[in-house]
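Enquirer: when you get a sec, could you give me coordinates for this:
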Amino acid sequence: MEYGAVGIPVVQLDGQARKRFGDLLVYTDSCISSIRAAVMSATNHDPKPFQSFVQQFDWRNIAQTYDRALSTVR
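Expert: Model prediction:
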């Protein structure tokens, strides 16, 4: 979501994320040629709808979650 927030096209492994993000992302499987094709396709994907989607999240809460997760693995 951080990449999307700044307008960088996002390629995601197909699966659970599709339920959450729908057509907002470019999806791929784990095959190298599929990943390459998805990355190339993502350069033509309009990032603005995903940017609008991620604006609903509170980045302070996300940062605190990362902080807690990283603190527990020390």
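
Enquirer: from here on, just use CA atoms for contacts and neighbour counts.
Expert: Noted.

Enquirer: return the set of buried residues in stretch 23-32.
Expert: Residues of stretch 23-32 classed as buried: 24-28 (neighbour count, 16 or more other C-alpha atoms under 10 Å).

Enquirer: now, the residues you listed that are in helices?
Expert: Counting by DSSP state H, none of the members of those fall within helices.

Enquirer: which of those sit farthest apart?
Expert: Leu24 and Thr28 (13.3 Å; C-alpha to C-alpha).

Enquirer: for Ala37, give its distance to Tyr27.
Expert: 10 Å (C-alpha to C-alpha, to the nearest Å).

Enquirer: show the average pLDDT along stretch 12-30.
Expert: Mean per-residue pLDDT for stretch 12-30: 94.

Enquirer: relative to the whole chain's centre, how far out is that stretch?
Expert: 8 Å (C-alpha atoms, centre = their mean, to the nearest Å).

Enquirer: what's the answer for stretch 63-74, then?
Expert: Using C-alpha atoms, centre = their mean, the offset of stretch 63-74 from its chain centre is 20 Å.

Enquirer: which positions within it qualify as buried?
Expert: Under 16+ other C-alpha under 10 Å, stretch 63-74 has no buried positions.

Enquirer: using PDB, list the CA coordinates for it.
Expert: Output of stretch 63-74 as PDB, limited to C-alpha atoms (Å, rounded to 0.1, in the frame of the first residue of the first chain):
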ATOM      1  CA  ALA A  63       3.600   2.600  11.400                       C
ATOM      2  CA  GLN A  64       2.800   1.600  15.000                       C
ATOM      3  CA  THR A  65       1.900  -1.900  13.900                       C
ATOM      4  CA  TYR A  66       5.200  -2.200  12.100                       C
ATOM      5  CA  ASP A  67       7.000  -1.000  15.200                       C
ATOM      6  CA  ARG A  68       5.300  -3.600  17.400                       C
ATOM      7  CA  ALA A  69       6.000  -6.400  14.900                       C
ATOM      8  CA  LEU A  70       9.700  -5.400  14.600                       C
ATOM      9  CA  SER A  71      10.100  -5.000  18.400                       C
ATOM     10  CA  THR A  72       8.800  -8.600  19.000                       C
ATOM     11  CA  VAL A  73      11.400 -10.200  16.600                       C
ATOM     12  CA  ARG A  74      14.500  -8.600  18.200                       C
END
